[in-house]
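Novice: Turn this into a model:
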Amino acid sequence: MRLDDIDRQIIASLIQDSRESYAAIGGKVGLSAPAVKRRVDVLQQTGAIKRFTAEIDPSVLGWNIQAFVELHCDGGLSPSMMRTMAAEIAEVTAAYTVTGEADGIFLIRAENTTHLEDVMVRIREWKGINHTRSSVILSHL
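Specialist: Residues are numbered from 1 along each chain as shown. Next up, the predicted model:
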């Protein structure tokens with residue numbers, strides 16, 4: 001599917017606030033609310049918009065520690081298996097396959113170091129994980 005400028009503006013608005021009304025988006029892009037809805041429906045049907053989600057402040061859950069965890073696999077762990085693992089571990093807030101020494105990287109949120117260690121143990125128990133390397137985030141720049 002080719003996106004035009006209006007589709008891009010609609011997507012940009014939804015990225016900023018996925019609960020913004022179609023009328024409000026239409027006001028920005030010069031379309032009626034029903035026209036925006038039709039475009040959003042097409043964007044969903046074609047897979048341009050995969051899902052709508054809520055971004056939760058992890059500190060509300062008490063998850064104040066963040067760490068990047070590199071996954072080093074034995075070759076038997078496919079990207080789809082990594083995706084499954086990430087989906088099954090609530091503390092994984094982002095997951096990527098990467099080039100370089102690591103095969104994947106997870107962004108983990110945890111309450112404290114004990115909680116982080118528990119998550120690391122669960123990750124290392126997955127078949128195909130040889131070892132992990134983690135870096136706790138100290139601050140955002």
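Novice: Just the pLDDT for the residue most central in space within the chain.
Specialist: In the chain, the residue lying closest to the centroid (Cα atoms, centre = their mean) is Ala94, at 4.4 Å. Looking at Ala94, its pLDDT is 94.
Novice: contacting residues around it?
Specialist: 106-107 (Cβ atoms under 8 Å, 6 or more residues apart in numbering). Bear in mind the C-beta positions are built from the backbone N, C-alpha and C, glycine included.
Novice: Can you tell me who it pairs with across the strands?
Specialist: Leu107 (DSSP bridges).
Novice: And it, how close does it get to Leu31?
Specialist: 33 Å (Cβ to Cβ, to the nearest Å).
Novice: Leu116 is in contact with Ile108, isn't it?
Specialist: Yes - Leu116 is within contact range of Ile108, at 6.5 Å (criterion: Cβ atoms under 8 Å).
Novice: Can you check which residues contact both of those two?
Specialist: Joint contacts of Leu116 and Ile108 (Cβ under 8 Å, 6+ apart) are 67, 134.
Novice: I'm done for today, thanks for sticking with me.
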